[in-house]
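# just need the structure, nothing else, for what follows:
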Amino acid sequence: MTEKKHLIDFETIVYLILTLFIPLFVTKGFTHEPSTGKHLFYVVGFTVIFLSVFIRKREVLMRFGYVHLAFFGIGIAALLSLIVVSMDNPQYFRYSLEIALYVVFLSFTAIYISSKWDSVEKIEVIMLFFLIGAAVVAADALLNFYLGFDIFLGKVGEPFARASARSTIGNPNFVSDYMGMTIPMIFYFLISRRPLGILFKSARSQLILKIIMLVFLIPMVASVFVSQTRTVITAIFIGNLLFLLLYFFLRKGKKPEALETSEEKKLKRLSLIFLLLALVIIAVLSYLYLTPSPLTGDGKINITARLEYVLTSSGSWKERFSAWYNSLFQWLDDTNKLRIPFGSGIGTFQLYHLLYSPQVLNHSPDFMPVWNNFKRTHNDYIQGLGEMGIIGLLFIVLMVGLLVFRYVKNLFRIDNKRDLLLYGSLGAGIFSLAVHSFFEFPLHMQPNLMLAIFLGSIAVGKYFNPDLKERKLPRVPAVMALFAIAAVLIFLKTSAFLGEGFFRIGQTNQQYYLAYYNQAQNINLSALQQIKNEISTFSGNYAHLQDVASYMNVKGSEIRSKYPGANQIDLLELAEKERQSEIRKLLDEINNRINQYNFYISKAAEFYDKALDDFKLSNRLYPVFGKPLWYIAGLGTKAQRLETARDNPELMKSILTGKDEYSSDIILEFKGDPEIIPVHRTSIRTLPFAEFFQKHASVFDNPELVSGLQLYFITQIQMILDAADYYESSVILFSERQTPRILGRLYTSLNSELKKYFNFINSRESTVVSAFGESGEFRQIIIDLVYESGDRATYWFDLAITLLPGTWNRYPDWEDIYIEYLNSIPSIVDSIDAQKLKILEVVRKHVWACENMGPATPDETLQFAVQWGRSNLSGEELSSFEQNLKNIYERVVNLNRDLIEKTPNLPEKTVDQIQSLISLFETL
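Below you'll find the predicted structure:
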């Protein structure tokens, strides 16, 4: 009993709770990124553990080795990378600080784990709990895959879709990675004669334990197959094979687990039987999942094809290489020389990846068709270099190198079979993670990270490394430093979790808003009101309802056939009843439809307000998230916002002077380097009318002037500018490929509407003078805003096609951006000469993209350019313009000619496009 008590103490109980809670924790309707809340609970859990240690012990003894120091060095490198973030984008600093402090905190947890669990029995207990959690994760992944149903979240996807094989950890890649680290533990429990011997003492209890392990193995292996993660499947196979081979080769001459008594021999045979059973199960599952069967949806899972694709398709590799190059270009950016030693800043790849795509594509245009909207480098080693520079990479390499050196050294130094088996299982899990980290980012997922720290910490910990250095920590400074970091982290992680949670609620409310609003739009209210008016006035199609005589003229034969025995007087009475009944029925139907419309509009407005409030709360709780700003911007262009100020002069004044609640979260100014974050200008807030209407506030007290000057229209202009300001604010914190295109559209629309308004006020000269005393200042604001909106539209459209020139095979709508931009040029660019130069610039970019996209067929842009030239140019100027077009399009036309000649089975649409391109080109 004393032994058991010593085996599991309070700190171990807290950690065991974490091993189950962290992989499985997820909140329906509140979880955005699965790991955000898990990070928080890991910090809270270890804060409780550290607090217990400092309360129980007067002196704290820290045991560590060079691997721990290298891990701590990574944390220092992460903190040093904040220097660059503070220079390039100080408004993103809080996010990077949160990650950097977390890495430092993790290094302390690694030291604790290495020191704390210093016996095989303690290690086995924790492994058992990790396995229980892994089995639940695997079962949940299988439910998701086969039924589209999650234990914790309910309906999540479609059956037999690879993306549905997710679980509480994250996407399928990380589920399989978690299995890759835990499956070797299963083998340990199966092969070891008497694992957890303190708890499972008899041969019968060992039999039960091994049966449980075998049961766990089935869903865990199956979940790896349905996840179809090629790297993990390969790493698990190689890692576990090496583990088993090394064990059987190195076990010779090692001490046995126990004396060879009859019971021990029985347990030895039992272990061998269960190992064989495990191998048979894996073989059977491999056969079933590698061939068409009910388990694969009769071939919907095709792992062989996926493995062949990665070996034979250059696209699969290029997709990863493009992200790797991106990270390197971020690191090598000479805008800030400090990036070489310190990196771009930890956590910045997700913000910068789109911004550095032009450099990657200029360097390797063949990456254009495989570009993906990655938020991670998909290689933790290269991402470490990009975000933490040479210092970070050195510590990463040092940690991995020292870990490998220490592991191999211990592997040959271990003198007994049980420890060899245990150490081999740790190594197999670490191997799987290390390989996967070269092509994915499993360490960004908290459950995988927690397990990886456990495996690595035990491998270099006290049990296998009795030569660890020991240092006594001064109690007060240690408590103050550790708990200061923990307190800051708990605050940051809590605000991140809550901020993401309210953002998720906002997304849900936005979906309800759109659903109700779309339902309302399906009801033609004006048509219903017109019908109601016709019924009430007995006009149009309903004139026959005016009186009984009119009704009988239209429906007399129908009534006579309905009441064959009635006399003339009875027929008239019955007809009157029918007429009244029909009027009531028609009006009831119309009123029901109108009431339905009003209900939908009312619910839409309710959910619109809820979504807006949730996004604002999310942004205020977690101001470095960025996504809420983007969604607030989108809501700002909806009718619920644009219609609010109608017949409300006070609200018009509030909006035009920038004092309304909607715009209160706009980031007023970008404080970083505009060479890094491509804002149009560092001053974000746009209030062209604010000063003017503060000076002329009395105009809003005169309804005739408000109406006569159409100040409601100007208010809507400001509302669009507010939405644009939110989009520009989001650029500082959030990378979204659509943002520049949306801004290009918004400013193009503003440019067009402002020109109409300028013509309108020119025709209302006397009204303008009556309102403002003179018309010059007001007219000048409009003129300046016309030019400014055109300039901004050009800037953002240029940025959109620069950041992402191609990749419309993945995002089909993106190719239309070129013709959309060209169509806007006559409006947003003033002079014909400037329009000509801009058109040539845009078509040149489109042709370059098309040449590297297959080739693709730029027939629409050529048609636009030819028509524009012939409508706006003449003589030598037209000839020169068309010669430029000919030079630009010649190569892509020849590529398309070759394509149509060498590819007999092209789709008809593609053939038509190519023929149209060639015909247009020949007219030049």
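
# centre-most residue in this protein?
Lys375 (7.4 Å; Cα atoms, centre = their mean).

# distance check, the nearest residue to it once chain neighbours are set aside against Thr377.
Leaving out its chain neighbours, the residue that sits closest to Lys375 by Cβ to Cβ, 6 or more residues apart in numbering is Gln350, at 4.1 Å. In this view, the C-beta of every residue, glycine as well, is placed from N, C-alpha and C. According to Cβ to Cβ, to the nearest Å, Gln350 stands 10 Å off from Thr377.

# neighbour count: the two, which is higher?
Thr377 (26 against 16; other Cβ atoms under 10 Å).

# where does the more buried one land in three-state SS?
Three-state call for Thr377 (DSSP: H, G, I helix; E, B strand; the rest coil): coil.

# quick one, phi/psi of it?
Dihedral angles of Thr377 (phi, psi; degrees, to the nearest 10) stand at phi -70, psi -20.

# around the residue nearest to it when sequence neighbours are not counted, count how many other residues there are.
Excluding its sequence neighbours, the residue lying closest to Thr377 (Cβ to Cβ, 6+ apart) is Gln383, at 3.6 Å. Number of residues near Gln383 (other Cβ under 10 Å) recorded here: 30.

# Ile839: neighbour count?
24.

# show me the shaky parts of this structure.
Within the chain, the stretches with pLDDT under 70 are 1-5, 258-260, 304-316.

# strands of that one, start to end?
Ranges of strands in the chain, per DSSP state E, are 60-64, 149-150, 154-155, 469-473.

# the second one - contacts with which helices or strands?
Of the remaining helices and strands, those touching strand 149-150 by 3 or more Cβ pairs under 8 Å, 6 or more residues apart in numbering; DSSP states H and E are helix 120-147.

# distance check, the residue nearest to Phe454 when sequence neighbours are not counted against Met450.
Leaving aside its chain neighbours, Phe454 sits nearest to Ile113 (6.0 Å; criterion: Cβ to Cβ, 6+ apart). For Ile113, the distance to Met450 (Cβ to Cβ) stands at 10 Å.

# likewise for Leu514?
According to Cβ to Cβ, Leu514 and Met450 sit 38 Å apart.

# which one's more surrounded, the two?
Counted by other Cβ under 10 Å, Leu514 and Met450 do not tie: Met450 has more neighbours, with 24 against 15.

# tell me the spacing between the residue lying closest to the more buried one once chain neighbours are set aside and Glu573.
Using Cβ to Cβ, 6+ apart and skipping the chain neighbours, the partner closest in space to Met450 is Ile22 (5.7 Å). Per Cβ to Cβ, Ile22 is found 80 Å from Glu573.

# neighbour count winner among those two?
Higher neighbour count among Ile22 and Glu573: Ile22, with 23 against 12, using other Cβ under 10 Å.

# count the residues that sit near the residue nearest to Asp298 when sequence neighbours are not counted.
Excluding its sequence neighbours, the residue lying closest to Asp298 (Cβ to Cβ, 6+ apart) is Pro292, at 5.1 Å. For Pro292, the neighbour count with other Cβ under 10 Å is 13.

# what does Ser539 give?
Residues lying near Ser539 (other Cβ under 10 Å) number 12.

# and for Glu263?
15.

# pretty sure it sits against Gln206.
No: counting by Cβ atoms under 8 Å, Glu263 stays clear of Gln206, with 9.7 Å between them.

# give me every residue that touches Leu785.
By Cβ atoms under 8 Å, 6 or more residues apart in numbering, the contact list for Leu785 reads Pro688, Ile717, Leu750, Leu754.

# so who does the second one touch?
I take that to be Ile717. Neighbours of Ile717 in contact, by Cβ under 8 Å, 6+ apart: Leu750, Glu753, Leu754, Tyr757, Leu785.

# quick one: those residues as a markdown table, columns for distance to Leu276 too.
Shown next, in a markdown table, are the contacts of Ile717 (distance: Cβ to Cβ, whole Å):
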| residue | distance to Leu276 |
| --- | --- |
| Leu750 | 73 |
| Glu753 | 77 |
| Leu754 | 79 |
| Tyr757 | 83 |
| Leu785 | 79 |
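
# from those, which is closest to Leu705?
Tyr757 (15.5 Å; Cβ to Cβ).

# surely the residue nearest to Lys375 touches Glu736?
No: with contact defined as Cβ under 8 Å, Gln350 does not count as touching Glu736 (11.0 Å).
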